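**Student:** Pasting the sequence and the predicted model now:
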2 protein chains.
Amino acid sequence: MSAFGGFVRETREALRAVDPSFSVRQVAARIGVQPSYLSKVERGDVGPPSENTIVRLADDLGEDPDVMLALAGKVSSDLLEVIRKRPRLFADLIRELKDMPDRAVLRLVREVRDGEW
Amino acid sequence: MSAFGGFVRETREALRAVDPSFSVRQVAARIGVQPSYLSKVERGDVGPPSENTIVRLADDLGEDPDVMLALAGKVSSDLLEVIRKRPRLFADLIRELKDMPDRAVLRLVREVRDGEW
DNA sequence: TAGACTGTGTACTATATAGTATACACTCAG
DNA sequence: CTGAGTGTATACTATATAGTACACAGTCTA
């Protein structure tokens, strides 16, 4: 049971407990894959789905797509594009922040967002 | 001629003008691929090589691996790992910085590096 | 003019990615 | 006791990735 698969199964089962439309079949139908495939994904029988499929799944389950992509060992392609456009700048920044505590990075995010600079 | 291939060819040719050991054959031998493959890569006849091969090539050519990976449409796997470990934090930060001018991001990098906070 | 280079064309390959399609056994409400 | 719904096993596939192996024609130089 992969980290990704386990997360999907638990999240979906929790939703199913209060809403029967969160069966494997119905979720699969909504996100546009075969039920057997979603079943295999949940049990880690196959690798995680593509980015698009993960995003549709995250949307259906009400979960954060970036977190679900991370569980699948991926990074959203829009973030990759930002880095690819200015690789030196962002590579330096990310490596610099690699070992910083969450609160330090969070403070940086807020500073940038609030334009305090 | 892809962006990546063109860059490799021009960089290698420039080096070859002053050092004959920068022929297709000899570079290919040093980085561990077939000469015909490197030739095809340079002409964009095939897609860009794997991350490992790009890094060895960047090393041999004395170029920045992050820049060469970016030209190949890729992002270094060590950066991906940083993001994957704290996806919410880094996704927010990167999206926040997406449209910021270079100097603003650079200032941030320096602030973090110099511990001015 | 032979030998040692140069780059490149052609053909092939192994592995991964991202699924589909169909059929099967089980459960549970009416 | 049936029929609608549940999850899953099995078999198959199309495309991409990341190259290898070998042969070939041209050039340069000693």
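**Tutor:** Everything's here; your move. Numbering: from 1, shown residues only, chains lettered A, B, ... in the order given.

**Student:** Which pLDDT does the model give residue A:103?
**Tutor:** The per-residue pLDDT reported for residue A:103 equals 94.

**Student:** How about the secondary structure of it?
**Tutor:** The local conformation at residue A:103, judged by DSSP: H, G, I helix; E, B strand; the rest coil, is helix.

**Student:** Within its local environment, how many residues does it see?
**Tutor:** The tally of other residues near residue A:103 (other C-beta atoms under 10 Å in any protein chain shown) stands at 9. Where you see a C-beta, it was placed from the backbone N, CA and C, and this is true even at glycine.

**Student:** what about it, distance to DNA strand C?
**Tutor:** In this structure, residue A:103 and DNA strand C are separated by 34 Å, where distance is defined by C-beta to the nearest atom of the strand, to the nearest Å.

**Student:** Report the central residue of chain A.
**Tutor:** residue A:68 (2.2 Å; C-alpha atoms, centre = their mean).

**Student:** residues touching the closest residue to it other than its chain neighbours, list them.
**Tutor:** Closest residue to residue A:68 apart from its sequence neighbours, by C-beta to C-beta, 6 or more residues apart in numbering or on different chains: residue A:58 at 4.5 Å. Contacts for residue A:58 were tallied using C-beta atoms under 8 Å, 6 or more residues apart in numbering or on different chains; they are A:64, A:65, A:67, A:68, A:69.

**Student:** cool, residue A:108 as well?
**Tutor:** Residues touching residue A:108, when contacts are defined by C-beta under 8 Å, 6+ apart, comprise A:97, B:93, B:108, B:112.

**Student:** could I have the helix or strand containing it exported to PDB, CA atoms only?
**Tutor:** Secondary structure assignment for residue A:108, by DSSP states H and E: helix A:102-113. What follows is helix A:102-113 as a C-alpha-only set of coordinates in PDB (Å, rounded to 0.1, in the frame of the first residue of the first chain):
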ATOM      1  CA  ASP A 102       8.400  25.800   8.500                       C
ATOM      2  CA  ARG A 103       7.700  29.000  10.400                       C
ATOM      3  CA  ALA A 104      10.600  30.800   8.700                       C
ATOM      4  CA  VAL A 105       9.400  29.800   5.300                       C
ATOM      5  CA  LEU A 106       5.900  30.800   6.200                       C
ATOM      6  CA  ARG A 107       7.000  34.200   7.400                       C
ATOM      7  CA  LEU A 108       8.700  34.700   4.100                       C
ATOM      8  CA  VAL A 109       5.500  33.700   2.200                       C
ATOM      9  CA  ARG A 110       3.500  36.200   4.300                       C
ATOM     10  CA  GLU A 111       6.100  39.000   3.900                       C
ATOM     11  CA  VAL A 112       5.900  38.600   0.100                       C
ATOM     12  CA  ARG A 113       2.200  38.300   0.100                       C
END
